[in-house]
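>>> turn this into a model:
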Amino acid sequence: MSSRRQRPAGLRERAVAMVFELRAESGSARGTLARAGERPGMNPELL
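Now for the predicted structure:
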């Protein structure tokens, strides 16, 4: 039995794109994975 939750098909791709957008806006890479992971409700470690 798998403990992984299925997510919508494009969720990961949208979250990764969001990381790059946040980095461009802030000018820093620090904390962008955590902020992008919180927005769609995904654990940042999955990114």
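
>>> so how far is the longest helix belonging to the chain off the chain centroid?
Across the chain, the longest stretch assigned as helix under DSSP state H is helix 11-26. On the basis of Cα atoms, centre = their mean, to the nearest Å, helix 11-26 sits 7 Å off its chain's mean C-alpha point.

>>> packing partners for the helix or strand following that helix?
Next helix or strand after helix 11-26 toward the C-terminus (DSSP states H and E): helix 32-38. If you count contacts as 3 or more Cβ pairs under 8 Å, 6 or more residues apart in numbering; DSSP states H and E, helix 32-38 packs onto helix 11-26. (Each C-beta comes from the backbone N, C-alpha and C, glycine too.)

>>> pull out the buried residues from the longest helix of the chain.
Judged by neighbour count using 16 or more other Cβ atoms under 10 Å, the buried positions of helix 11-26 are 15, 18-19, 22-23.

>>> and what of stretch 24-34?
Buried-residue list, stretch 24-34, by 16+ other Cβ under 10 Å: 32-33.

>>> what pLDDT, on average, does it get?
Per-residue pLDDT over stretch 24-34 has a mean of 86.

>>> contact partners of it?
Residues outside stretch 24-34 that contact it (Cβ atoms under 8 Å, 6 or more residues apart in numbering): 19, 22-23, 44, 47.

>>> now do the contacts for residue 36.
15-16, 18-19, 22, 44, 47.

>>> follow-up on the earlier one: any chance of JSON lines for the buried residues of helix 11-26, columns distance to residue 37?
Output for these, formatted as JSON lines (distance: Cβ to Cβ, whole Å):
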{"residue": "15", "distance to residue 37": "7"}
{"residue": "18", "distance to residue 37": "9"}
{"residue": "19", "distance to residue 37": "9"}
{"residue": "22", "distance to residue 37": "11"}
{"residue": "23", "distance to residue 37": "14"}
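
>>> which one of those residues is nearest to residue 6?
residue 15 (15.2 Å; Cβ to Cβ).
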